[in-house]
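>>> below are the sequence and a predicted model for it; my questions follow.
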Amino acid sequence: QVQLVESGGGSVQPGGSLRLSCEASGLSSGIIFGRYNMNWYRQAPGKERELVARISTTGDSRTYADAVKGRFAVSRDNEKNTVYLEANSLKLEDTAVYFCNVGQYCVGATCYDRDYWGQGTQVTVSS
């Protein structure tokens, strides 16, 4: 089973930026990172986990939650088995633990559900 490790979290003031990374390792023989649809979620204290951004296997398709649209950007480097979340113009309400997630493994037009999670990285926005 793939292991996901997030990094890049920290404390910033409103309006600041952070770049989160999620590196995958432990891929079994024949498993290709570039075939995973990847997601970023976040969970604020006392709130449910919510989807922040999603990126397809090749990066051609990217979707965002309304709350972060225009401020956050998801990208990936399949050569490095890594997905990124560039968080700009951060607001107080962006404070949360951010999680990387594998949603699906796709072979051609067929995708198979997966549900792998990283341990999360804390993002704190405060003045």
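Alright, I've got the coordinates. Numbering: from 1, shown residues only.

>>> show me where this protein has helices.
Remark: no helices are assigned in the chain by DSSP state H.

>>> helix or strand with the lowest mean pLDDT in it?
strand 110-117 (a mean of 92; mean pLDDT, DSSP states H and E).

>>> that one pairs with which strands, parallel or anti?
Applying DSSP bridges, strand 110-117 is found paired with strand 96-107 (antiparallel).

>>> list the buried residues in the strand it pairs with.
Under the neighbour-count criterion of 16 or more other CB atoms under 10 Å, strand 96-107 has 96-106 buried. (C-beta placed from N, C-alpha, C; glycine too.)

>>> thinking again about what came up before, so which bits of the least confident helix or strand of the chain are buried?
Quick answer for strand 110-117 (16+ other CB under 10 Å): 111, 116.

>>> which residues touch it?
The contact list for strand 110-117 (CB atoms under 8 Å, 6 or more residues apart in numbering) reads 1-2, 4, 36-37, 99-106.

>>> among the residues you listed, which one lies nearest to Gly26?
Within these, proximity to Gly26 (CB to CB) peaks at Val2, which comes in at 5.5 Å.

>>> for this protein, which segments count as strands?
Taking DSSP state E as the test, the strands found in the chain are 3-7, 10-12, 18-25, 36-43, 50-55, 62-64, 72-77, 82-87, 96-107, 110-117, 121-125.

>>> out of the contacts of strand 110-117, which comes closest to Ser25?
The closest of the contacts of strand 110-117, once distances to Ser25 are taken by CB to CB, is Val2, at 7.2 Å.
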